[in-house]
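Novice: sequence isn't available, so here's the structure alone:
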(Lines give C-alpha, C1' and ligand atoms only; values in the text may rest on other atoms or scores of the structure.)
Protein backbone atom coordinates (compact mmCIF):
# COMPACT_ATOMS: atom_id res chain seq x y z
CA UNK A 1 0.00 0.00 0.00
CA UNK A 2 2.64 2.52 1.08
CA UNK A 3 4.68 2.13 -2.08
CA UNK A 4 1.74 3.51 -4.06
CA UNK A 5 1.50 6.59 -1.87
CA UNK A 6 5.24 7.22 -2.09
CA UNK A 7 5.13 6.71 -5.87
CA UNK A 8 2.45 9.39 -6.17
CA UNK A 9 4.47 11.67 -3.90
CA UNK A 10 7.43 11.27 -6.25
CA UNK A 11 5.48 11.81 -9.49
CA UNK A 12 3.10 14.42 -8.03
CA UNK A 13 5.15 16.30 -5.40
CA UNK A 14 3.29 17.37 -2.27
CA UNK A 15 4.53 20.94 -2.55
CA UNK A 16 3.86 23.93 -4.77
CA UNK A 17 6.36 24.83 -7.49
CA UNK A 18 5.97 28.45 -8.62
CA UNK A 19 2.70 28.47 -6.64
CA UNK A 20 1.30 25.54 -8.63
CA UNK A 21 1.29 21.76 -8.47
CA UNK A 22 3.34 19.96 -11.10
CA UNK A 23 3.12 16.46 -12.57
CA UNK A 24 6.51 14.92 -13.33
CA UNK A 25 5.16 12.58 -16.03
CA UNK A 26 1.96 11.38 -17.68
CA UNK A 27 0.99 8.89 -14.94
CA UNK A 28 -2.19 10.80 -14.10
CA UNK A 29 -3.30 11.86 -17.59
CA UNK A 30 -6.03 9.22 -17.82
CA UNK A 31 -7.64 10.64 -14.68
CA UNK A 32 -7.61 14.27 -15.78
CA UNK A 33 -10.58 16.48 -16.57
CA UNK A 34 -9.85 19.36 -18.97
CA UNK A 35 -6.21 18.23 -19.21
CA UNK A 36 -5.67 18.98 -15.50
CA UNK A 37 -5.19 22.67 -16.18
CA UNK A 38 -5.92 23.67 -12.57
CA UNK A 39 -4.49 22.56 -9.24
CA UNK A 40 -7.85 21.20 -8.13
CA UNK A 41 -8.09 19.09 -11.27
CA UNK A 42 -4.59 17.74 -10.61
CA UNK A 43 -5.57 16.83 -7.04
CA UNK A 44 -8.70 15.12 -8.32
CA UNK A 45 -6.62 13.10 -10.79
CA UNK A 46 -4.35 11.99 -7.95
CA UNK A 47 -7.35 10.96 -5.87
CA UNK A 48 -8.81 8.96 -8.76
CA UNK A 49 -5.44 7.29 -9.31
CA UNK A 50 -5.49 6.03 -5.72
CA UNK A 51 -9.07 4.80 -5.98
CA UNK A 52 -8.32 2.94 -9.20
CA UNK A 53 -5.07 1.49 -7.85
CA UNK A 54 -6.66 0.03 -4.73
CA UNK A 55 -10.27 -0.56 -5.81
CA UNK A 56 -10.24 -0.62 -9.62
CA UNK A 57 -11.09 -4.32 -9.87
CA UNK A 58 -12.31 -7.15 -7.69
CA UNK A 59 -8.81 -8.66 -7.82
CA UNK A 60 -7.25 -5.45 -6.50
CA UNK A 61 -9.91 -5.02 -3.85
CA UNK A 62 -9.37 -8.60 -2.65
CA UNK A 63 -5.85 -7.64 -1.58
CA UNK A 64 -7.20 -4.94 0.74
CA UNK A 65 -10.70 -6.17 1.58
CA UNK A 66 -9.96 -6.55 5.30
CA UNK A 67 -8.62 -3.02 5.71
CA UNK A 68 -9.97 -0.93 2.85
CA UNK A 69 -11.47 1.64 5.23
CA UNK A 70 -7.99 2.36 6.59
CA UNK A 71 -6.72 2.92 3.05
CA UNK A 72 -9.63 5.28 2.34
CA UNK A 73 -8.71 7.24 5.48
CA UNK A 74 -5.14 7.60 4.22
CA UNK A 75 -6.40 8.76 0.83
CA UNK A 76 -8.47 11.46 2.57
CA UNK A 77 -5.43 12.49 4.62
CA UNK A 78 -3.46 12.94 1.37
CA UNK A 79 -6.37 14.76 -0.27
CA UNK A 80 -6.77 17.15 2.67
CA UNK A 81 -3.07 17.91 2.80
CA UNK A 82 -2.92 18.75 -0.90
CA UNK A 83 -6.05 20.93 -0.70
CA UNK A 84 -4.66 22.72 2.32
CA UNK A 85 -1.66 23.87 0.27
CA UNK A 86 -3.84 25.91 -2.08
CA UNK A 87 -6.67 28.39 -1.81
CA UNK A 88 -10.13 27.23 -2.78
CA UNK A 89 -13.66 28.51 -2.38
CA UNK A 90 -14.20 26.84 0.97
CA UNK A 91 -10.76 26.23 2.37
CA UNK A 92 -11.79 24.86 5.76
CA UNK A 93 -13.44 21.60 4.70
CA UNK A 94 -13.63 19.03 1.92
CA UNK A 95 -17.18 20.06 1.07
CA UNK A 96 -16.35 22.25 -1.95
CA UNK A 97 -14.07 19.65 -3.53
CA UNK A 98 -16.65 16.97 -2.83
CA UNK A 99 -19.52 18.87 -4.46
CA UNK A 100 -17.60 19.97 -7.56
CA UNK A 101 -15.25 17.06 -8.26
CA UNK A 102 -16.49 13.95 -6.47
CA UNK A 103 -20.24 14.43 -6.71
CA UNK A 104 -20.05 16.34 -9.99
CA UNK A 105 -17.74 14.09 -12.01
CA UNK A 106 -18.61 10.90 -13.87
CA UNK A 107 -15.12 9.57 -13.14
CA UNK A 108 -16.10 9.09 -9.49
CA UNK A 109 -19.17 7.16 -10.65
CA UNK A 110 -16.99 4.34 -11.97
CA UNK A 111 -19.11 1.25 -11.18
CA UNK A 112 -17.93 -1.31 -8.66
CA UNK A 113 -19.91 -4.30 -7.43
CA UNK A 114 -17.51 -5.99 -5.01
CA UNK A 115 -17.66 -3.61 -2.03
CA UNK A 116 -20.59 -4.01 0.32
CA UNK A 117 -23.19 -1.20 0.00
CA UNK A 118 -21.06 0.66 -2.58
CA UNK A 119 -21.77 0.87 -6.30
CA UNK A 120 -19.06 3.40 -7.26
CA UNK A 121 -16.04 5.37 -6.02
CA UNK A 122 -18.18 8.21 -4.69
CA UNK A 123 -20.06 5.86 -2.39
CA UNK A 124 -16.75 4.44 -1.19
CA UNK A 125 -15.67 7.94 -0.15
CA UNK A 126 -19.06 8.54 1.46
CA UNK A 127 -18.42 5.59 3.78
CA UNK A 128 -15.59 7.48 5.48
CA UNK A 129 -17.96 10.19 6.80
CA UNK A 130 -15.03 12.61 6.52
CA UNK A 131 -16.25 15.11 3.96
CA UNK A 132 -17.29 17.71 6.55
CA UNK A 133 -14.09 17.48 8.55
CA UNK A 134 -11.63 20.37 8.69
CA UNK A 135 -8.85 19.90 6.13
CA UNK A 136 -6.44 21.87 8.31
CA UNK A 137 -6.87 19.34 11.10
CA UNK A 138 -6.77 16.28 8.82
CA UNK A 139 -3.61 17.66 7.20
CA UNK A 140 -1.83 17.43 10.54
CA UNK A 141 -1.81 13.65 10.19
CA UNK A 142 0.07 13.72 6.88
CA UNK A 143 3.67 13.92 8.13
CA UNK A 144 3.16 11.03 10.55
CA UNK A 145 1.51 8.97 7.82
CA UNK A 146 4.28 9.60 5.28
CA UNK A 147 6.97 8.75 7.86
CA UNK A 148 5.17 5.50 8.66
CA UNK A 149 4.99 4.69 4.94
CA UNK A 150 8.70 5.31 4.56
CA UNK A 151 9.32 2.97 7.50
CA UNK A 152 7.31 0.20 5.84
CA UNK A 153 8.82 0.72 2.40
CA UNK A 154 12.36 0.77 3.79
CA UNK A 155 11.91 -2.39 5.82
CA UNK A 156 14.02 -5.38 4.79
CA UNK A 157 13.23 -8.61 6.63
CA UNK A 158 16.26 -10.38 5.13
CA UNK A 159 18.78 -7.70 6.11
CA UNK A 160 17.08 -5.61 8.81
CA UNK A 161 18.60 -2.30 9.87
CA UNK A 162 17.23 -2.41 13.40
CA UNK A 163 18.95 0.77 14.59
CA UNK A 164 17.41 2.73 11.71
CA UNK A 165 13.99 1.25 12.46
CA UNK A 166 14.33 2.29 16.09
CA UNK A 167 15.27 5.86 15.13
CA UNK A 168 12.31 6.11 12.74
CA UNK A 169 9.98 4.61 15.33
CA UNK A 170 11.09 7.21 17.87
CA UNK A 171 10.40 10.02 15.38
CA UNK A 172 7.00 8.58 14.53
CA UNK A 173 5.93 8.25 18.16
CA UNK A 174 6.95 11.87 18.77
CA UNK A 175 4.75 13.00 15.88
CA UNK A 176 1.95 10.81 17.17
CA UNK A 177 2.21 12.31 20.66
CA UNK A 178 1.96 15.80 19.17
CA UNK A 179 -1.22 14.79 17.37
CA UNK A 180 -2.61 13.12 20.46
CA UNK A 181 -2.00 16.29 22.45
CA UNK A 182 -3.58 18.64 19.91
CA UNK A 183 -6.77 20.05 21.43
CA UNK A 184 -8.29 20.62 17.97
CA UNK A 185 -8.08 16.87 17.33
CA UNK A 186 -8.53 15.03 20.61
CA UNK A 187 -12.00 14.23 21.83
CA UNK A 188 -13.48 14.00 18.34
CA UNK A 189 -14.27 10.47 17.23
CA UNK A 190 -13.45 11.03 13.55
CA UNK A 191 -9.94 12.22 14.37
CA UNK A 192 -9.56 9.59 17.08
CA UNK A 193 -10.20 6.96 14.42
CA UNK A 194 -7.32 8.33 12.34
CA UNK A 195 -5.06 8.17 15.40
CA UNK A 196 -6.22 4.61 15.91
CA UNK A 197 -5.37 3.63 12.34
CA UNK A 198 -1.88 5.12 12.65
CA UNK A 199 -1.22 3.42 15.99
CA UNK A 200 -2.38 0.04 14.68
CA UNK A 201 -0.07 0.26 11.66
CA UNK A 202 2.78 1.32 13.95
CA UNK A 203 2.22 -1.71 16.19
CA UNK A 204 2.20 -3.91 13.09
CA UNK A 205 5.53 -2.40 12.05
CA UNK A 206 6.96 -3.26 15.46
CA UNK A 207 5.78 -6.83 14.96
CA UNK A 208 7.65 -6.94 11.65
CA UNK A 209 10.80 -5.83 13.46
CA UNK A 210 10.23 -8.45 16.15
CA UNK A 211 9.81 -11.18 13.54
CA UNK A 212 13.04 -9.97 11.90
CA UNK A 213 14.80 -10.70 15.23
CA UNK A 214 15.65 -7.09 16.06
CA UNK A 215 17.35 -7.33 19.46
CA UNK A 216 16.36 -3.77 20.37
CA UNK A 217 12.62 -4.33 19.91
CA UNK A 218 11.95 -3.87 23.63
CA UNK A 219 13.37 -0.34 23.33
CA UNK A 220 10.89 0.69 20.64
CA UNK A 221 8.60 3.33 22.17
CA UNK A 222 4.98 2.51 22.94
CA UNK A 223 2.07 4.75 22.04
CA UNK A 224 -1.15 5.15 23.97
CA UNK A 225 -4.42 5.31 22.08
CA UNK A 226 -7.50 7.21 23.11
CA UNK A 227 -10.14 5.09 24.82
CA UNK A 228 -13.05 6.67 22.91
CA UNK A 229 -12.39 4.53 19.83
CA UNK A 230 -11.70 0.81 19.78
CA UNK A 231 -8.73 0.14 17.55
CA UNK A 232 -8.77 -2.75 15.11
CA UNK A 233 -5.91 -5.24 15.26
CA UNK A 234 -5.81 -5.18 11.45
CA UNK A 235 -4.12 -2.18 9.87
CA UNK A 236 -3.58 -1.13 6.28
CA UNK A 237 -0.25 -2.92 5.83
CA UNK A 238 -1.07 -6.29 7.40
CA UNK A 239 -0.45 -9.44 5.35
CA UNK A 240 -0.33 -13.11 6.44
CA UNK A 241 3.10 -14.02 7.79
CA UNK A 242 5.24 -16.47 5.88
CA UNK A 243 5.33 -18.81 8.89
CA UNK A 244 1.54 -18.84 9.04
CA UNK A 245 1.32 -19.64 5.34
CA UNK A 246 3.96 -22.35 5.72
CA UNK A 247 2.14 -23.97 8.63
CA UNK A 248 -1.11 -24.02 6.69
CA UNK A 249 0.65 -25.51 3.68
CA UNK A 250 2.26 -28.21 5.80
CA UNK A 251 -1.10 -29.03 7.33
CA UNK A 252 -2.61 -29.47 3.87
CA UNK A 253 0.30 -31.65 2.71
CA UNK A 254 0.13 -33.86 5.80
CA UNK A 255 -3.60 -34.31 5.47
CA UNK A 256 -3.45 -35.11 1.75
CA UNK A 257 -0.53 -37.47 2.35
CA UNK A 258 -2.39 -39.30 5.09
CA UNK A 259 -5.53 -39.48 2.97
CA UNK A 260 -3.47 -40.89 0.10
CA UNK A 261 -2.05 -43.61 2.37
CA UNK A 262 -5.51 -44.34 3.70
CA UNK A 263 -7.02 -44.67 0.24
CA UNK A 264 -4.11 -46.78 -0.95
CA UNK A 265 -4.46 -49.25 1.90
CA UNK A 266 -8.23 -49.32 1.54
CA UNK A 267 -7.86 -50.04 -2.16
CA UNK A 268 -5.36 -52.82 -1.44
CA UNK A 269 -7.65 -54.55 1.02
CA UNK A 270 -10.66 -54.19 -1.24
CA UNK A 271 -8.75 -55.92 -4.04
CA UNK A 272 -8.12 -58.94 -1.87
CA UNK A 273 -11.61 -58.97 -0.47
CA UNK A 274 -10.66 -58.06 3.14
CA UNK A 275 -12.60 -55.61 5.32
CA UNK A 276 -10.27 -54.05 7.85
CA UNK A 277 -12.48 -51.63 9.74
CA UNK A 278 -10.07 -51.47 12.66
CA UNK A 279 -7.27 -50.51 10.29
CA UNK A 280 -9.39 -47.72 8.76
CA UNK A 281 -10.32 -46.38 12.16
CA UNK A 282 -6.65 -46.36 13.14
CA UNK A 283 -5.78 -44.29 10.09
CA UNK A 284 -8.57 -41.83 10.83
CA UNK A 285 -7.14 -41.32 14.31
CA UNK A 286 -3.67 -40.77 12.81
CA UNK A 287 -5.03 -37.98 10.59
CA UNK A 288 -6.67 -36.31 13.59
CA UNK A 289 -3.41 -36.48 15.57
CA UNK A 290 -1.47 -34.96 12.67
CA UNK A 291 -3.93 -32.04 12.58
CA UNK A 292 -3.57 -31.50 16.32
CA UNK A 293 0.24 -31.48 16.18
CA UNK A 294 0.29 -28.97 13.32
CA UNK A 295 -2.19 -26.64 15.05
CA UNK A 296 -0.12 -26.61 18.21
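Specialist: Thanks, I have the structure now. Small disclaimer: the values here were computed from a predicted structure and weren't measured.
Novice: dump the residue contacts of the nearest residue in space to residue 168 that is not next to it in sequence.
Specialist: Excluding the flanking residues, the one nearest residue 168 by C-beta to C-beta, 6 or more residues apart in numbering is residue 151, at 4.8 Å. In this view, the C-beta of every residue, glycine as well, is placed from N, C-alpha and C. Listed by C-beta atoms under 8 Å, 6 or more residues apart in numbering, the contact set of residue 151 reads 165, 168, 169, 172, 205.
Novice: host element of the third one?
Specialist: Taking DSSP states H and E as the definition, residue 169 sits inside helix 162-180.
Novice: so for the next helix or strand after that helix, what's the average pLDDT?
Specialist: Next along the chain after helix 162-180, taking DSSP H and E as the criterion, comes helix 189-211. Per-residue pLDDT over helix 189-211 has a mean of 94.
Novice: mind listing what's buried in helix 189-211?
Specialist: By neighbour count with 16 or more other C-beta atoms under 10 Å, helix 189-211 contains the buried residues 190-206, 208-209.
Novice: other SSEs contacting that helix?
Specialist: helix 68-84, helix 135-139, helix 142-153, helix 162-180 (3 or more C-beta pairs under 8 Å, 6 or more residues apart in numbering; DSSP states H and E).
Novice: what's next to the last one, contact-wise?
Specialist: Around helix 162-180, the neighbours that count as contacts under C-beta under 8 Å, 6+ apart are 140-141, 143-144, 147-148, 150-151, 154-155, 185-186, 195, 198-199, 202, 205-206, 209, 212, 214-217, 219-224, 226.
Novice: that one to helix 142-153, inter-axis angle?
Specialist: In terms of direction (axes from the mean of the first three to the mean of the last three C-alpha atoms, to 10 degrees), helix 162-180 departs from helix 142-153 by 160 degrees.
Novice: just want the angle from helix 162-180 to helix 189-211.
Specialist: 170 degrees.
Novice: next, give phi and psi for residue 213.
Specialist: Residue 213 adopts backbone torsions of phi 70, psi 40, taken as degrees, to the nearest 10.
Novice: any idea of the pLDDT on the nearest residue to residue 56 once chain neighbours are set aside?
Specialist: In space, and not counting its chain neighbours, residue 56 is closest to residue 110: 7.9 Å by C-beta to C-beta, 6+ apart. For residue 110, the pLDDT comes out at 92.
Novice: OK, contacts around residue 110?
Specialist: 51, 52, 56, 120, 121.
Novice: tally of neighbours for residue 26?
Specialist: Number of residues near residue 26 (other C-beta atoms under 10 Å) recorded here: 9.
Novice: wait, residue 188
Specialist: 15.
Novice: cool, residue 56 as well?
Specialist: Residue 56 has 16 neighbours, counted by other C-beta under 10 Å.
Novice: still on that earlier bit, and the contacts of helix 162-180, which are buried?
Specialist: 140-141, 144, 147-148, 150-151, 155, 185, 195, 198-199, 202, 205-206, 209, 212, 214, 217, 220, 223, 226.
Novice: using the three-state scheme, assign residue 114.
Specialist: With DSSP: H, G, I helix; E, B strand; the rest coil as the basis, residue 114 sits in strand.
Novice: do you know the pLDDT at it?
Specialist: Per the predicted model, pLDDT is 91 at residue 114.
Novice: hang on, it packs against residue 60?
Specialist: No. Counting by C-beta atoms under 8 Å, residue 114 does not reach residue 60; the two are 9.4 Å apart.
Novice: now residue 194: how far from residue 113?
Specialist: 28 Å (C-beta to C-beta, to the nearest Å).
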